[in-house]
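A.B. asks: Model the structure of this input:
(chains A, B, C and D)
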2 protein chains.
Amino acid sequence: MRPELETFQRLLTERGYRVTPQRMGIYEYLLDTKTHPSAEEIYQALKDRFPMMSQATVYKTLDLLLELGLIAQLGLGGQATRYDGNPDVHVNVYCSECHRIYDVMEPELPKLAESVARRSGFVVKGQRHEFYGICPECEARRSARMQER
Amino acid sequence: MRPELETFQRLLTERGYRVTPQRMGIYEYLLDTKTHPSAEEIYQALKDRFPMMSQATVYKTLDLLLELGLIAQLGLGGQATRYDGNPDVHVNVYCSECHRIYDVMEPELPKLAESVARRSGFVVKGQRHEFYGICPECEARRSARMQER
DNA sequence: TTCGTTGCAAACGCTTTGCAGCATG
DNA sequence: CATGCTGCAAAGCGTTTGCAACGAA
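C.D. replies: This next block holds a predicted model:
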């Protein structure tokens, strides 16, 4: 079993929570999926494996994973909240055309966090970085469309 | 009149929109308020000045201001979306205790944007940076509480 | 056997929409 | 005076909640 799933099991047991197939399935899906799905997308994707599962279970499991610090939440103002199986500090780039979200590692981020803490006087506990734009594929499709005119 | 309000008027007129007291009031409030209010907070704050104004007008005006690029939107997953009268690239620091949000200027951000564009291949159009933590006041209150025990 | 978890459905809160009357340009 | 805007109420949608039945430990 992948190490992240083992960690999840361990944390659940340690804190008196129970290990259920739905919980493992939801976390596994989040780890596998790179496009940062919404609760609805997770629910749809797991319908085959868990035909009886309700949306409430998805939401409750996501809350639990957030509480355990295993996932991150991306609030997109208006639209449905999306979830990121990678809780480490990184940058999310969001394509306004295809609505996919990708992760980008940025080695400068820890320095930025320090600087923000210094300037603001805050005790920094977490951070989120989002860029909006057009992904390479969508951009290529756009240029192609331009060409043919 | 402050330059931002003049810009707003100009943009409205240029694009065939109309200048109304409600619109000016909402934008002015966003410029004055440093805590990044939600639509509800804006509505409550302007109730005195515009007793007849509806929430719908607040939402429609916020959409318009976003479209004109005069304000920014902060999606906070679950909670109500909040609005920032400063559309320029900056960092938001969010206090998880008092829920206030402050702006921090960071001169390194343009460099970060370049780096992200290079790594991801995206055409970057916008960005948002959020830090979570405890603000100096709340932290002081916490320490004080610790002391007295 | 215990008690945390699930699935269901109803409730909830934020946001959007349709429309008649109003006010701006 | 034309048409874009407002206020109102209802609808929409994502998310949360209460509860009885279920299943993990």
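
A.B. asks: Which helix or strand lies directly C-terminal to the longest strand along chain A?
C.D. replies: If you go by DSSP state E, chain A has its longest strand at strand A:123-134. Remark: after strand A:123-134, the chain's next helix or strand is helix A:136-147, criterion DSSP states H and E.

A.B. asks: Enumerate every residue touching residue A:129.
C.D. replies: Residues in contact with residue A:129 (Cβ atoms under 8 Å, 6 or more residues apart in numbering or on different chains) are A:90, A:91, A:92, A:106, A:109, B:112, B:127, B:128, B:129, B:130. To be clear about C-beta, it is placed using only N, CA and C from the backbone, and glycine gets the same treatment.

A.B. asks: ok, the longest strand of chain A: who's next to it in the sheet?
C.D. replies: strand A:91-95 (parallel), strand B:123-134 (antiparallel) (DSSP bridges).

A.B. asks: Any chance of CSV for the ones you listed, columns distance to DNA strand C?
C.D. replies: Output for these, formatted as CSV (distance: least, Cβ to the nearest atom of the strand, whole Å):
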stretch, distance to DNA strand C
strand A:91-95, 17
strand B:123-134, 15
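
A.B. asks: Okay, buried residues for stretch A:135-149 please.
C.D. replies: A:135, A:138, A:139 (16 or more other Cβ atoms under 10 Å in any protein chain shown).

A.B. asks: Repeat that for stretch A:39-47.
C.D. replies: Neighbour counts over stretch A:39-47 (16+ other Cβ under 10 Å) mark A:39, A:41, A:42, A:43, A:46 as buried.

A.B. asks: Is any residue of it near DNA strand C?
C.D. replies: No: on the criterion Cβ under 7 Å from any atom of the strand, stretch A:39-47 is out of touch with DNA strand C, staying 9.5 Å away.

A.B. asks: Contacts for that stretch, please.
C.D. replies: By Cβ under 8 Å, 6+ apart, the surrounding residues in contact with stretch A:39-47 are A:22, A:25-26, A:29-30, A:33, A:37, A:53, A:55, A:58-59, A:62, A:80-81, A:83.

A.B. asks: and that stretch, how far from the chain's centre?
C.D. replies: 14 Å (Cα atoms, centre = their mean, to the nearest Å).

A.B. asks: avg pLDDT for that stretch?
C.D. replies: Across stretch A:39-47, pLDDT averages out at 97.

A.B. asks: CA-only coordinates of that stretch, as PDB, when you get a sec.
C.D. replies: Presented in PDB, the C-alpha positions along stretch A:39-47 are these (Å, rounded to 0.1, in the frame of the first residue of the first chain):
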ATOM      1  CA  ALA A  39     -16.500  17.300  -4.000                       C
ATOM      2  CA  GLU A  40     -18.900  16.600  -6.800                       C
ATOM      3  CA  GLU A  41     -16.200  15.200  -9.100                       C
ATOM      4  CA  ILE A  42     -14.900  13.000  -6.400                       C
ATOM      5  CA  TYR A  43     -18.400  11.700  -5.800                       C
ATOM      6  CA  GLN A  44     -19.000  11.000  -9.500                       C
ATOM      7  CA  ALA A  45     -15.600   9.300  -9.900                       C
ATOM      8  CA  LEU A  46     -16.200   6.900  -7.000                       C
ATOM      9  CA  LYS A  47     -19.800   6.000  -7.900                       C
END
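
A.B. asks: Distance check, the most centrally placed residue in chain A against residue B:72.
C.D. replies: Centroid-nearest residue in chain A, with Cα atoms, centre = their mean: residue A:84, separated by 0.9 Å. Distance, residue A:84 to residue B:72, using Cβ to Cβ, to the nearest Å: 21 Å.

A.B. asks: cool, residue A:134 as well?
C.D. replies: Counting by Cβ to Cβ, the gap from residue A:134 to residue B:72 is 19 Å.

A.B. asks: before we move on, the earlier item: what separates the nearest residue to the residue nearest to the centre of chain A once chain neighbours are set aside from residue B:37, distance-wise?
C.D. replies: In space, and not counting its chain neighbours, residue A:84 is closest to residue A:72: 4.3 Å by Cβ to Cβ, 6 or more residues apart in numbering or on different chains. In this view, residue A:72 and residue B:37 are 25 Å apart by Cβ to Cβ.

A.B. asks: How about residue A:148?
C.D. replies: Counting by Cβ to Cβ, the gap from residue A:148 to residue B:37 is 46 Å.
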